[in-house]
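[1] Below are the sequence and a predicted model; questions follow.
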Number of protein chains: 2
Amino acid sequence: MKTTGRVTIPTDESFVEGTKEIAAKWGADAVRDCDGTVLPANVAELADKVYNTYFIVRGDNEWADKHPEETHRTFLMSERTLAEGKTLEIEVMKGYFPQQIVPDWENLSYWEVIDRTTGEVVSDWKADEARGIVKIEKAEEMHEYTVDFMAKVIWHPVQIYNYLTNNWTCAKQKMYDPAFPHTAEYIKEHMRKWCDEHPETNVVRFTTFLYQFTLIFNEQGKEKYVDWFGYGLSTSPAMLEDFKKEYGYALRAEDFIDGGCYNTPFRVPNKRFKDYMEFVEKRVCRTVRSLTDIVHEKGKEAMMFLGDDWIGAEPYGEHFAETGLDAVVGSVGGGVTVRMLSEIPHVKYREGRFLPYFFPDTFFEGNEENAVAELNRNWTTARRAMMRKPLDRMGFGGYLSLAAKFPTFVDRVSEICEEFRGIVDMAGKAKPYCGLTVAILNCWGKKRSWMSHMVAHELWYQPVYSYQGILEAISGLAVNVKFVSFEDVKAGIDGDIDVIINVGDGYTAYSGGEYWNDEGVVRAIRSWVREGHGFIGVGEPTEYVKGGRTFVLADVLGVDKEIGFTMSEDKYNIEKKAHFITEDVRGEIDYGEGKKNIYALPGADVLDIEFSDRFRRNVNVGEVKLAANACGKGRGVYIAGLPYSAQNARLLYRAMFWSAGKENELKRAFVSDPATECTYYPEMKKYAVINNAAEAKKTVFYDIDGNEKELALGPGEIVWIG
Amino acid sequence: MKTTGRVTIPTDESFVEGTKEIAAKWGADAVRDCDGTVLPANVAELADKVYNTYFIVRGDNEWADKHPEETHRTFLMSERTLAEGKTLEIEVMKGYFPQQIVPDWENLSYWEVIDRTTGEVVSDWKADEARGIVKIEKAEEMHEYTVDFMAKVIWHPVQIYNYLTNNWTCAKQKMYDPAFPHTAEYIKEHMRKWCDEHPETNVVRFTTFLYQFTLIFNEQGKEKYVDWFGYGLSTSPAMLEDFKKEYGYALRAEDFIDGGCYNTPFRVPNKRFKDYMEFVEKRVCRTVRSLTDIVHEKGKEAMMFLGDDWIGAEPYGEHFAETGLDAVVGSVGGGVTVRMLSEIPHVKYREGRFLPYFFPDTFFEGNEENAVAELNRNWTTARRAMMRKPLDRMGFGGYLSLAAKFPTFVDRVSEICEEFRGIVDMAGKAKPYCGLTVAILNCWGKKRSWMSHMVAHELWYQPVYSYQGILEAISGLAVNVKFVSFEDVKAGIDGDIDVIINVGDGYTAYSGGEYWNDEGVVRAIRSWVREGHGFIGVGEPTEYVKGGRTFVLADVLGVDKEIGFTMSEDKYNIEKKAHFITEDVRGEIDYGEGKKNIYALPGADVLDIEFSDRFRRNVNVGEVKLAANACGKGRGVYIAGLPYSAQNARLLYRAMFWSAGKENELKRAFVSDPATECTYYPEMKKYAVINNAAEAKKTVFYDIDGNEKELALGPGEIVWIG
């Protein structure tokens, strides 16, 4: 029996009848507009619910023109400019896009000039607005200097991107920051008026709130800097003054510029930046609440799009509850984004926008097979995460009329929607069985749950995918997941945690950097492991070079990284051993980028090691890629890197069980073939077994008591047992 | 016409007639003894000169037994031991070889206990000699502790190695340190007596002087720690007390232990360690002089073996002249060791001991072809360096009777000896033409000329060979070479230098570490390059993470290393360009281990870049392996790594000419095929063209004025022109 509901589709005024047909096929109960489309007049007839996009800080250029002083600001660093003589002129805007930003010459008091060769702040400089330069009179020859300047944002960055990418010719949307008094009042009035003017709208789809993630363009209008987590576009004088009042100290330009690193989430965050984040979060959540109150007064729901101007509305932050939001919607790239969305607290429902977008780049004649393949890929990676914690709704974006031209695609979406509703009915009701509780330890902790190692907006990036794979694997594994910070660890590790995972490059916020120089952190983890818990390090875990060690917890991990200083010490532990962790490995293990120069300490078990093909003179020096180590009553595991794959997810699952000392618990609600996965819902006594492969698979199924039977699954099939 | 001389051969009492025959064939004019052999009674009849091995600080166990308190000492670090409770006992000798060392319980005042978790020195501890432990009463739980203990060396480390490797059963040689008063007198008396007892000896071959390089064995008698440059076996109480008197401050155990890094030459040396090195150098050179004076009195020559107990006799140090040595002999592994030996100042002649050794591991029945191949390989790599600066003598080691069984081998050595004498006659007389002067910049400068990146005794080591290749290439290229320190650079870069090369891993003494945080260094090099010179960086040159940059001279090199903090910045400079530097490259360039995460700055020319095969979403992020960059009137070049090969040597040669802005000078005294090389001796107006390949080669020869003609060379051939 076909079910309905839980599905949102895009529509527009030119595709009313088609929308009805597809809505019926997919069981869609909501329609939405899309950038550049207009909802039909009779939209309420199309579905139970109508979503309508709403912008707070852009879209009204008339207002923006009336209050140009209330536009958004950002701190930017000029190019590093070399002093070739005693005086130096720095062209402030060099490399930036004048249509996006202009220097804020009226607010020079916020600017800073820095000697990048020494790190010193230069006090003796003059700005020349007419020539667009800063002049330093007493420069040190052969030093590099930069200007940290405040800039006005005169064009909304996401609109720039869409505008230039799609050759739009509409108005260029300016911005206005509600931190300023006039705009603060204006946005509330506008909200009220808009609600009254949109009676057909059930759901106000905020896209999004007050501050866009950092997105800066270069002089050719191409992306120059993008940080989907960046707080850089929120730094207006109004915000800075309010911060000073509230926190009792002033932030400097360099607090944001950060030598050109702009406090990327890869940086270990310092106290000042953490204070500022908290300040913005409080401010944004309070302001959003003043709008959601209006939305609710008007009998509508408030939905947040997790993207665009989402800065400050950290869904896992301490202030998110205050927003009063009803729902969140976000883009689904894979299992990690599913869990990032599906676990957001304090809202009634969470929606995922699936791939592919119904845009001409995919939906052109002859490309239906690729469109279906992308759909299946997206669904398969998302599904394994949904077995653990499903989204409440799914949806698509773009032009429905384009999708309608691909009948196989339409049919496949129809099947997926049905499968999705089946999963939500089961997995949405009760917590599935978890064999373990694992904690991801980094500087961000809970606030950035499921959000580590993302560069730009989930852009694929070579130094990152080998770490992101850990989260992608975990998103679909039968474990509870917690995200903990070093402060959490020092305060006492939660009693339910079996395994702590530290994953990332040395000195980043993900591995922890200077936190590993804190004996409290070291002591807390070391003693906890030795009492009988597990610690898994991936990449350059616990790295902080000190006293002859590179990995501070080398004693736990059983490995250290050679950075040249102990090469004179012989390394004899190079014999590869068979192990519980690698039992399901077939062929080579894919470590992604891996790591070089890792060696095993005496006593550790080397599970995988690479030997250079350049060997001469029988020198046995290998590079350890995977190791297991006993540490008191506990255990440590080192992995050089682990991009997501079925085999790697299995390897990690085994590593977690082994490190927790629970090998005997592995084969409960378990399937033998790594391409298949099992989820058990104890309250319903139901098992779901999924096949993540595009081929049929035979797998041995183990129930919660370890009883086994063989199962055959079709390509991508889901089978319910019990 | 066959020439004679310049060749030393081993002999022993059982092979007198054979020695005569081979000496005639090879034109040998000197014979030597070997470890475990005895010179024949009539040895003076065999050759013009007789070398005889001499040991200063070992070989007289009777003396050693009489003065056990005067044995050598070393500081060693115990295993890192975890405090699981409030008290902690550390087993001092765990992991060490009791036949080599014993803790010096009488000198506890030199010992230190260190909390490795905090780095703090622990004052409250007690030693228990009977139990071999140090006990800490008030340990911090979950901290790791070590004991830095002074140990007596009770068996000479090189003899241990030979003894255990060859299953010897002779006496185990003890040691005695002339820093102590009795031994100081004894060694002079012994020298006099020995000279009188060895009238047949013309050359006293010191093997070697007072302090052996660091070589420590583990509990199984296997090598545990080896540093051919290490000063660790010189640290007796006598030395430490004398140091305190001379330098006005006391050194601590940890000054030598260095967190277990033991001041390896990869560590940026600090002032205290540099003071100590200078102290040892002065002491050793003065003591050696007191012996060479005796040798000379007795009408003999004094020769140093560069190895074994050579510590303190730094041949490129400031005190070496004082030794009064006549000659140095060392092992030849390739071009670098040739130049290391052939440029040693203040001696009358320098001898190289070539490969293979005449030992049973090579000279067994049926292995003649391999023996000849090893000979040819050794000769070919050494020869290109000798064209630039030849050794004065060559020789072989081992059992001549073994070599005599391989007639093809004997004939080939005969040819090589003849070729060697020809080269010395030409290249030994006058300096060859050099197109450029290049300086290798690292923390060691001149003192460790040709000695960088060696781990153990030229052991092949994965993280090093890609850097060592730079020196190996240069050893045979037509350039002047200087070795300069950061202090030299700050004091003013020599006027004749065209190109500075900085090669190594970040934070090692070879790239420079904290020196790159010295604005004086940065200013000196940057301005010098911009005035019109060249700078070549290999690996992680100028690395010091600071203010948003990883490579401090990124502006010069045109590249920087991404360590995660600027991943949000787009990198668009990824297009590979053809260039003067890569004109002779055929196929792939071999960067050895290479480096990851290097990106080009705007404006630099990318000459080689790798793209991951994992690309998705059309993300163009490449890893730059080779780049060229204009910098003022000068130029910078970045190379990810460069193990030695003919192609890489040519690439480096071109990179040097390009960076110096002297591309037009390249084709002077030049040959086109990278497997061939040309040396020009202006005073004699002679050219030598060598073929380094085992195949015949055709190459275009360019004379000093650029006139070209084609040449054909046989395998390994050397052709003299003019």
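    In hand now; what should we look at? Quick caveat: nothing in here was measured; it's all calculated off a predicted structure.

[2] just the helices in the stretch 251-400 of chain A please.
    A:253-257, A:271-297, A:335-342, A:368-388, A:400-403 (DSSP state H, counting those that start in this stretch).

[3] winner for burial among those?
    Between the helices of the stretch 251-400 of chain A, helix A:335-342 has the highest mean count of neighbours, a mean of 26, where neighbours are mean count of other C-beta atoms under 10 Å in any protein chain shown. For glycine as for every other residue, the C-beta is placed from the backbone atoms N, C-alpha and C.

[4] What is that helix packed up against?
    Identification of packing neighbours for helix A:335-342 by 3 or more C-beta pairs under 8 Å, 6 or more residues apart in numbering or on different chains; DSSP states H and E yields strand A:327-331, strand A:349-353, helix A:368-388, helix A:465-474.

[5] mind redoing it with 6 Å?
    strand A:349-353, helix A:368-388, helix A:465-474 (3 or more C-beta pairs under 6 Å, 6 or more residues apart in numbering or on different chains; DSSP states H and E).

[6] So what's the gap between that helix and the chain middle?
    Taking C-alpha atoms, centre = their mean, to the nearest Å, one finds the center of helix A:335-342 at 9 Å from the center of the full chain.

[7] Equivalent analysis for stretch A:114-134, please.
    The chain centroid and the centroid of stretch A:114-134 are separated by 36 Å, computed with C-alpha atoms, centre = their mean.

[8] Just the pLDDT for the residue positioned nearest the centre of chain A.
    By C-alpha atoms, centre = their mean, chain A has its centre lying nearest to residue A:451, at 3.3 Å. Among the per-residue scores, residue A:451 shows a pLDDT of 94.

[9] Now do the same for the nearest residue to it once chain neighbours are set aside: its pLDDT.
    Nearest residue to residue A:451 in three dimensions, chain neighbours excluded: residue A:340, at 6.3 Å (C-beta to C-beta, 6 or more residues apart in numbering or on different chains). The model reports residue A:340 with a pLDDT of 97.

[10] Please verify my assumption that residue A:340 contacts residue A:448.
    No: counting by C-beta atoms under 6 Å, residue A:340 sits too far from residue A:448 to count as a contact (9.5 Å).

[11] hey, what's in contact with both of the two?
    Between them, residue A:340 and residue A:448 share no contacting residue under C-beta atoms under 6 Å, 6 or more residues apart in numbering or on different chains.

[12] Run a quick neighbour tally on the residue of the stretch 251-400 of chain A found nearest chain B.
    The stretch 251-400 of chain A approaches chain B most closely through residue A:259 (3.1 Å), counting by C-beta to the nearest C-beta. When counting by other C-beta atoms under 10 Å in any protein chain shown, one arrives at 21 neighbours for residue A:259.

[13] Can you tell me how far it is from residue B:546?
    Here residue A:259 is placed at a distance of 8 Å from residue B:546 (C-beta to C-beta, to the nearest Å).

[14] Confirm that the residue nearest to the centre of chain A sits in a helix.
    No: per DSSP: H, G, I helix; E, B strand; the rest coil, residue A:451 lies outside any helix segment and is coil.

[15] Now do it against chain B, distance only.
    In this structure, residue A:451 and chain B are 14 Å apart, going by C-beta to the nearest C-beta, to the nearest Å.

[16] what's the answer for residue A:107, then?
    To chain B, residue A:107 is 23 Å away according to C-beta to the nearest C-beta.

[17] And for residue A:150?
    19 Å.

[18] partner residues bridging that residue?
    residue A:75 (DSSP bridges).

[19] what's the neighbour count on it?
    By other C-beta under 10 Å, 25 other residues sit near residue A:150.

[20] quick one: contacts for it?
    A:73, A:75, A:104, A:107, A:110 are the contacts of residue A:150 under C-beta under 6 Å, 6+ apart.

[21] Tell me the confidence at it?
    98.
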